[in-house]
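# fold the following.
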Amino acid sequence: MSNIYIGYHFNIEPKELGSEILIAELGEKAFESFTETATGISAFVQKDLWDETILEDIHILNSEEFKIDYTFEEIDQVNWNEEWEKNFEPIDVEGNCHVRAPFHPKTDAEFDILIEPKMSFGTGHHETTHMMIQHLLETDVTGMKALDMGCGTAILAILTEMKGAQPIDAIDIDNWCYLNSIENAERNDCHHITVYEGDAELLKGKKYDLIIANINRNILLNDMQSYVDCLNPKGTLLLSGFYEQDIPFIDASCTEKGLKYVKKFERNNWVSLKYVN
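Reported below is the predicted structural model:
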């Protein structure tokens, strides 16, 4: 295989939702890495696997709901570590939990989580992950059967195992996230995490003491009944991936299904809520 890549640089409006959809569609092609930019995303494909028709059936490019334009260029010898380093800042939570990539120095945090992301994180990732880690640091999860729904890079599943939960299921609909989660669980010497590729359909018949769901408002609202059906009595549900103004919708969905509100964290207008069964 050649070390020469074709890099596509997309400007997307609205950026957040458009980027998620575009990455999902490009992931079905030969694109192997993505990075977030100020106005959208950049996507990279090996030149040997590229041809000029590669974007022909990318549906979002023809959607009237999004405004997308792009340029592309030939790039020699892409340094992925350099790309990740530009787009991934370590996450430090109260000095107790440190999430870093291999090129970041180790700290003396009690929980040191090493991940190697294969794509950039979406808007709000650092804020929502930080708050979910806060919840987990405050929660005794020892011996709990846990679910990390929309696991991404499996950061939260890894921390949950480090704190004594087992077994843990980690689920993501995105193939890149599924593969990356497996790698990151192994990288952190986790032996009680099972990673699945799919959505809430996989939850039928399952039961958990702890459910972690850091996704987005619409998916959370759509799948909330599935989460509640899976939650054991006195179980804990941790939610994030939405804004302060979304709380009334999330709270109404939770409370009408019998959950009790416990606590909220807020960072830069992003929020994370804790409920118990």
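# quick one, helices of the stretch 151-277 of the chain?
For the stretch 151-277 of the chain, the helices defined by DSSP state H, counting those that start in this stretch occupy 155-162, 175-187, 217-230, 247-256.
# go through those and name the closest to residue 73.
Taking CB to CB, helix 175-187 is the member of the helices of the stretch 151-277 of the chain nearest to residue 73, at 22.5 Å. C-beta: built from backbone N, CA, C; applies to glycine.
# what is the orientation angle of that closest one with helix 155-162?
Relative orientation of helix 175-187 and helix 155-162, computed by axes from the mean of the first three to the mean of the last three CA atoms, to 10 degrees: 30 degrees.
# elements contacting helix 175-187?
Using 3 or more CB pairs under 8 Å, 6 or more residues apart in numbering; DSSP states H and E, the elements in contact with helix 175-187 are helix 155-162, strand 168-172, strand 193-197.
# kindly recompute the last result at 6 Å.
Counting by 3 or more CB pairs under 6 Å, 6 or more residues apart in numbering; DSSP states H and E, the packing neighbours recorded for helix 175-187 are strand 193-197.
# coming back round to it: pick out the shakiest of the helices of the stretch 151-277 of the chain, pLDDT-wise.
Note on the helices of the stretch 151-277 of the chain: helix 175-187 shows the lowest mean pLDDT, a mean of 90.
# where does the chain dip in pLDDT?
Within the chain, the ranges that satisfy pLDDT under 70 run 1-3, 77-87, 118-124.
# please identify the most buried of the helices of the stretch 151-277 of the chain.
Scoring the helices of the stretch 151-277 of the chain by mean neighbour count under mean count of other CB atoms under 10 Å gives helix 155-162 as the most buried, with a mean of 26.
# and the angle from it to strand 168-172?
Going by the same axes, to 10 degrees, helix 155-162 makes 170 degrees with strand 168-172.
# how far does helix 155-162 sit from its chain's centre?
For helix 155-162, the separation from the chain centroid amounts to 13 Å (computed by CA atoms, centre = their mean, to the nearest Å).
# alpha carbons of it, in PDB - could you do that?
This file holds the C-alpha atoms of helix 155-162, laid out as PDB (Å, rounded to 0.1, in the frame of the first residue of the first chain):
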ATOM      1  CA  ILE A 155     -13.100   5.700  28.000                       C
ATOM      2  CA  LEU A 156     -16.100   5.300  30.300                       C
ATOM      3  CA  ALA A 157     -16.200   1.600  30.100                       C
ATOM      4  CA  ILE A 158     -12.500   1.400  30.900                       C
ATOM      5  CA  LEU A 159     -12.800   3.700  33.900                       C
ATOM      6  CA  THR A 160     -15.800   1.600  35.100                       C
ATOM      7  CA  GLU A 161     -13.700  -1.600  35.100                       C
ATOM      8  CA  MET A 162     -10.800   0.200  36.800                       C
END
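# return the list of helices and strands in contact with it.
Helices and strands touching helix 155-162, by 3+ CB pairs under 6 Å, 6+ apart, are strand 111-114, helix 125-138, strand 146-149, strand 168-172.
# ok, back up a step: need the helices of the stretch 151-277 of the chain in a markdown table (columns: distance to residue 74).
Below are the helices of the stretch 151-277 of the chain laid out as a markdown table (distance: least, CB to CB, whole Å):
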| stretch | distance to residue 74 |
| --- | --- |
| helix 155-162 | 34 |
| helix 175-187 | 23 |
| helix 217-230 | 37 |
| helix 247-256 | 45 |
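# still on that earlier bit, quick one, which of the helices and strands packed on helix 155-162 is nearest to residue 261?
Closest approach to residue 261 among the helices and strands packed on helix 155-162 (CB to CB): helix 125-138, 13.1 Å.
# which elements pack onto the closest one?
Against helix 125-138 (3+ CB pairs under 6 Å, 6+ apart) you get strand 91-93, helix 155-162, strand 231-243, strand 260-267, strand 270-276.
# which ones are touching the residue nearest to residue 210 when sequence neighbours are not counted?
Here the nearest residue to residue 210 in space, its sequence neighbours aside, is residue 146; by CB to CB, 6 or more residues apart in numbering that works out to 4.2 Å. By CB atoms under 6 Å, 6 or more residues apart in numbering, the contact set of residue 146 is 160, 165, 168, 208, 210.
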